[in-house]
Each structure stands twice: as C-alpha cells, then as structure tokens.
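J.: whatever this is, show me its structure:
(one chain, ligands or ions: 1)
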Amino acid sequence: MKRYDPRAHGARCDLCPRKMQTPVPPEGPKRAMLCWLGQDPGKNEVKQLRPFVGATGTRLAGLWEAGCEANKVALPRSQIWVTNSALCLPLTKSASEAKRAVDCCAPRLRKELLNLHPSAGILAMGKWAFYAMTNKLKGIGKFSGFFKELKKLPPVPEVKEKKSKPRKKEKKT
Ligand code: SF4
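T.: Numbers count the residues shown, from 1 in each chain. Predicted structure coming up:
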C-alpha cells in the first residue's frame, strides 16, 4: 500500500518541528456530513496508522454509537471523516511545538475539510483542535470540545521560516 505523504496534501512538514516522523493518515468518506477532529495521534494510533483507535478514541466511538442508537440516528464511524489537527505524535509537551505543528498542518486539514459536504459540521476535541478551528489561543486551557460549522472557518495561518540566531563574534586574544 502507498504510504500516506502529508506534504502531498498541503502540510508544511519542512517547517514543522515534528518533521513528518509519525504521520497518521485521516480516514473516512469524501462529502461526509460530520468530522471528528482530535489534537494529535497517540502511540496506539501511530502503531496502527489509524486515528482515534487509542483509549480515548475507542471511548468516544462507544459513546457516539450509544447516542446514535438512543436517538435512532444512523451515523456510524464509517460515515464520519476522522482526523487530527496535527498528524504526528508530539515530541515534547511544549505548547510552542504544538502550536507550530498545528499551523504547519493547517493547509492539509483545510483541504480535507473542503472535501466534506458543504453543510457538514466539525466536532473538535481537545485544546489544539479548538485552536485549529478558531486561530484563538485565549481560553485554550479550559477547552474540551465544541461543534463548528464548515462554513465558518477562520483563515489558514501563515507559517514563517524560523530565523537562525546570529553567531556571537569570537573574542580577539
Ligand atoms: S504534524 Fe503535520 S506538518 Fe508536522 S510533520 Fe507531521 S504531518 Fe507534517
């Protein structure tokens, strides 16, 4: 099977601190009416190369199916677009690494979302998913999940090259 390359889908991996080490491809049908958007994959997702198959993802899928059954709604996971705001496993717990990875992955995510049904909704889970859907960092620490309409997405953030620090002049002896 051909390996998924996020760069072919618009990701700026060349500028990203995660350097395409563990990209977990999104999955789901085109023109889906709903998207589950997480933050970034965990170790289980990386192992299986599938999003939302770790403990949290499995719990969410169980709750979703129970909710669908209770409300007599037929929307199984196979009909949902499942993805993350950054496709690679975090290397550190640093917020600046997370923000830059989400910004570098944003063009790729936008392309995916534009393939959803025009009336689709996005269920964003986790603070970096919130950031990816709003470009806002304010209040991000308190965030857990929210629903966003595809029609109301903010612009994709621009990512600039990092400037290398100038070398200190050597002291003359
Ligand atoms: S997180 Fe996204 S932009 Fe960064 S290396 Fe992985 S796929 Fe590329």
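J.: going forward, measure contacts between C-alpha atoms and count neighbours the same way
T.: Will do.
J.: can you list the residues of the protein near the ligand?
T.: 6, 11-13, 16, 18-20, 23, 86-88, 101, 104-105 (Cα under 6 Å from any ligand atom).
J.: quick check, residue 26 in contact with residue 80.
T.: No: under the criterion of Cα atoms under 8 Å, residue 26 is not in contact with residue 80, lying 10.6 Å apart.
J.: starting at the chain centroid, how far to the lengthiest helix in the chain?
T.: Using DSSP state H, we find that the single longest helix of the chain is helix 95-114. On the basis of Cα atoms, centre = their mean, to the nearest Å, helix 95-114 sits 6 Å off its chain's mean C-alpha point.
J.: before we move on, the earlier item: could you tell me which of the residues of the chain next to the ligand count as buried?
T.: 6, 11-13, 16, 18, 20, 23, 86-88, 101, 104-105 (16 or more other Cα atoms under 10 Å).
J.: show me where the protein has strands.
T.: All strands of the chain, identified by DSSP state E, fall at 34-38, 81-84, 121-125, 145-149.
J.: distance to residue 60, mean neighbour count and mean pLDDT for those - can I get that in CSV?
T.: Formatted as CSV, the strands of the chain follow (distance: least, Cα to Cα, whole Å; neighbours: other Cα atoms under 10 Å; pLDDT from 0 to 100):
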stretch, distance to residue 60, mean neighbour count, mean pLDDT
strand 34-38, 10, 25, 94
strand 81-84, 12, 25, 97
strand 121-125, 10, 21, 90
strand 145-149, 12, 15, 71
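J.: redo those as a markdown table? Include distance to residue 138.
T.: As requested, the strands of the chain are exported to a markdown table (distance: least, Cα to Cα, whole Å):
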| stretch | distance to residue 138 |
| --- | --- |
| strand 34-38 | 19 |
| strand 81-84 | 20 |
| strand 121-125 | 16 |
| strand 145-149 | 15 |
